[in-house]
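1. Provided below for reference: sequence and predicted model.
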Amino acid sequence: MGLKNIHLVFISMAVALCLTFGAWSVWMYRDQGQSGYLGVAVVALSAAVGLVVYGSWFLKKMKGLHTP
């Protein structure tokens, strides 16, 4: 597995982790009503969106590169 593929796997895992943590934080906010959970949810879900944007940028950048 090349470095490009490993990078994409790590980005995908990070997106999944951010989405899971964000969903858990929203659930905890709805359950307990503490605003700290809502703030953490916003940060985690924003990080997931940022990682998706970065992943698509990375794919576009690597598209023109030929790797063995």
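-> The structure has been received and is ready for your questions. A quick note: this is a predicted structure, and the numbers were derived from the prediction, not measured.

2. C-alpha only now, for contacts and for neighbours.
-> Noted.

3. can you give me the neighbour number for L8?
-> Counted with other C-alpha atoms under 10 Å, residues neighbouring L8 total 15.

4. buried ones in the host helix or strand of it, by neighbour count?
-> Element membership for L8 (DSSP states H and E) is helix 3-32. Of all the residues in helix 3-32, those buried under the rule 16 or more other C-alpha atoms under 10 Å are 11-12, 14-15, 18-23, 25-26, 28-29.

5. pLDDT score assigned to the residue nearest in space to the middle of the chain?
-> The centre of the chain sits closest to V15, judged by C-alpha atoms, centre = their mean, with a distance of 2.3 Å. On the pLDDT scale, V15 is placed at 98.

6. give the contact list for the residue nearest to it when sequence neighbours are not counted.
-> The spatially closest residue to V15, leaving aside those adjacent along the chain, is A48, at 4.9 Å (C-alpha to C-alpha, 6 or more residues apart in numbering). A48 is in contact with 14-16, 18-19, counting by C-alpha atoms under 8 Å, 6 or more residues apart in numbering.

7. take those and lay them out in TSV including distance to Q34.
-> Listed next are those as TSV, based on distance: C-alpha to C-alpha, whole Å:
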residue	distance to Q34
A14	25
V15	25
A16	24
C18	20
L19	19
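
8. good, wrapping up.
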